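K.L.:
Next come a sequence and a model predicted from it.
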Protein chains: 2
Amino acid sequence: MGRSRTVAGVAGVRERILAAATELFAEQGYAATSVQQVVDRAGVTKGGLYHYFGAKEDLLIEMYRAVFGERLAALDRIVGQGRDPEWTLRAIIDDIVVGTAAMIKESAAVSRELAAMDNERTQRLQADWRRYQETVRGLIRDAQEAGVFAAVASPEIVSWSIFGVTNSLHTWYRPDGPKPAAAIAEELADLVLTGLRA
Amino acid sequence: MGRSRTVAGVAGVRERILAAATELFAEQGYAATSVQQVVDRAGVTKGGLYHYFGAKEDLLIEMYRAVFGERLAALDRIVGQGRDPEWTLRAIIDDIVVGTAAMIKESAAVSRELAAMDNERTQRLQADWRRYQETVRGLIRDAQEAGVFAAVASPEIVSWSIFGVTNSLHTWYRPDGPKPAAAIAEELADLVLTGLRA
């Protein structure tokens, strides 16, 4: 098999296991990846893996936390500044596009697999994602009711025109491509905010 | 097991098999569904299934054709009318939202599973999907170069703000929900076209 450069460059055992799992899930999918393959690529023992992760599922959930936990924390920080809706929505779009692009492999693995899982733990993660969506929709709704944003489309459609771009990012964004994530974020914000101009 | 009402209401053997497979793939995923389960729910014999479909994969590919083949044909009809870009983009958005909503179960099964497959046949389907995307982007690009649409965002971002909504539709659209698909399409078109107003 041989370890990839990415994994070899990662320091701690826990981090190496996660990096190996991320690569394997992205390359061949979660179902097709065995714990043994993760262990082989990470260059650790099975005991080492089970010391940090109780089951294969835990790797996926940890990946989700890495991708999404930061976005949720950033959302709270941005909204907490209490600035105007245009600035706030632009900051959220910038954070979710740039943040997703920075963890594009994890994002691919997570978005492909997590929808198929359904248990108590994934339900809690999905509740976090619903809270994220509801916060963004509430912001749009309030601004539309205040006449700051035009009621050109419902908060649901506006939010999905944003999340649709970030959820599909792993299918077309290339870290070494010509357009940096911050430029993608700016274009998307310009499109959506021009559409919402009162 | 018992046949569901949906499948029981479907006439021909081939159609019953596809309806049963659609339900099972949507409920429990492609990997977890056996040919035997499809046969049981459809109320046909294994021989009956293999008469129409050589393998389980063929069921998924046929589902994709049902979801996407019509959209591609509609795209060609719409573009073929040679009308102005605003009318054309609005008609495309209407067709893809309403058409996807009308086959929401197939759409869920297909979008979850097809990305994980990679062989000659799925590559041909993906080439069709690329042609669809390229046609829409070409339309936006031409209109921006002609000054009919504002260059507020690149054709890629504009197209993904549309496809993101339709690709995620199966996660939130409910056929018995308060908002008909045509209304969703209209809001999305209003948002995108207001953003593109020169």
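P.N.:
That came through, no problem.
K.L.:
For the residue nearest to the spatial centre of chain A, give me its contacts.
P.N.:
The residue lying closest to the centre of chain A (CA atoms, centre = their mean) is residue A:67, at 4.1 Å. By CB atoms under 8 Å, 6 or more residues apart in numbering or on different chains, residue A:67 lies in contact with A:100, A:103, A:106-107, A:110. No exception for glycine: its C-beta is placed from N, CA and C like everyone else's.
K.L.:
run the last query once more with 7 Å
P.N.:
A:103, A:106-107, A:110 (CB atoms under 7 Å, 6 or more residues apart in numbering or on different chains).
K.L.:
Looking at residue A:40 now. What's its pLDDT?
P.N.:
At residue A:40, the pLDDT value in this model is 96.
K.L.:
gap between it and chain B?
P.N.:
Separation of residue A:40 from chain B (CB to the nearest CB, to the nearest Å): 22 Å.
K.L.:
Figure out the helix or strand that that residue lives in.
P.N.:
Residue A:40 belongs to helix A:35-42 when assigned by DSSP states H and E.
K.L.:
Run the chain-centre distance for that helix.
P.N.:
The gap between where helix A:35-42 is centred and where its chain is centred comes out at 24 Å by CA atoms, centre = their mean, to the nearest Å.
K.L.:
Domain-wise, how is chain A divided?
P.N.:
Per automatic domain parsing, the structural domains of chain A span A:5-52, A:60-195.
K.L.:
is it true that residue A:89 touches residue A:139?
P.N.:
Yes - with contacts counted by CB atoms under 7 Å, residue A:89 reaches residue A:139, the gap being 6.4 Å.
K.L.:
OK, now which residue of chain A is nearest to chain B?
P.N.:
Closest residue of chain A to chain B, CB to the nearest CB: residue A:164 (1.5 Å).
K.L.:
That residue and residue A:35: what is the separation?
P.N.:
Distance check for residue A:164 against residue A:35: by CB to CB, to the nearest Å, it reads 34 Å.
K.L.:
do residue A:72 as well
P.N.:
Residue A:72 sits 29 Å away from residue A:35, going by CB to CB.
K.L.:
before we move on, what about residue A:180?
P.N.:
Between residue A:180 and residue A:35 the distance, using CB to CB, works out to 36 Å.
K.L.:
Looking at the two, which one has more neighbours?
P.N.:
The residue with more neighbours, out of residue A:180 and residue A:35, is residue A:35; 16 against 12, by other CB atoms under 10 Å in any protein chain shown.
K.L.:
Just list the residues touching the more buried one, thanks.
P.N.:
A:46, A:49, A:56.
K.L.:
rewinding a little: show me which positions of the helix holding residue A:40 end up buried.
P.N.:
Of all the residues in helix A:35-42, those buried under the rule 16 or more other CB atoms under 10 Å in any protein chain shown are A:35, A:38-42.
K.L.:
which among the residues you listed gets closest to residue B:156?
P.N.:
In terms of CB to CB, no member of the buried residues of helix A:35-42 lies closer to residue B:156 than residue A:41, at 33.2 Å.
K.L.:
Isn't that closest one up against residue A:20?
P.N.:
Yes - under the contact definition of CB under 7 Å, residue A:41 touches residue A:20, with a separation of 3.9 Å.
K.L.:
buried stuff in the strand or helix carrying residue A:191?
P.N.:
Secondary structure assigned from DSSP H and E places residue A:191 in helix A:181-195. Taking 16+ other CB under 10 Å as the neighbour-count basis, helix A:181-195 is seen to contain the buried residues A:181, A:184-195.
K.L.:
Stretch A:127-141 too?
P.N.:
Of the residues in stretch A:127-141, A:132-133, A:135-137, A:139-141 count as buried by neighbour count, 16+ other CB under 10 Å.
K.L.:
In helices, which of those residues appear?
P.N.:
In helices, defined here by DSSP state H, the members of the buried residues of stretch A:127-141 are A:132-133, A:135-137, A:139-141.
K.L.:
Show me what counts as buried in the helix or strand harbouring residue A:20.
P.N.:
Residue A:20 belongs to helix A:13-28 when assigned by DSSP H and E. The neighbour-count check on helix A:13-28 (16+ other CB under 10 Å) flags A:13-14, A:16-26 as buried.
K.L.:
Please identify, among the residues you listed, the member with the lowest per-residue confidence.
P.N.:
residue A:26 (81).
K.L.:
pretty sure it is touching residue A:105, no?
P.N.:
Yes - Residue A:26 sits in contact with residue A:105 when judged by CB under 7 Å, with a separation of 4.7 Å.
K.L.:
sorry, back to before: redo the domains of chain A as a markdown table? Include distance to residue B:30.
P.N.:
Formatted as a markdown table, the entries for those read as follows, by distance: least, CB to CB, whole Å:
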| stretch | distance to residue B:30 |
| --- | --- |
| domain A:5-52 | 10 |
| domain A:60-195 | 9 |
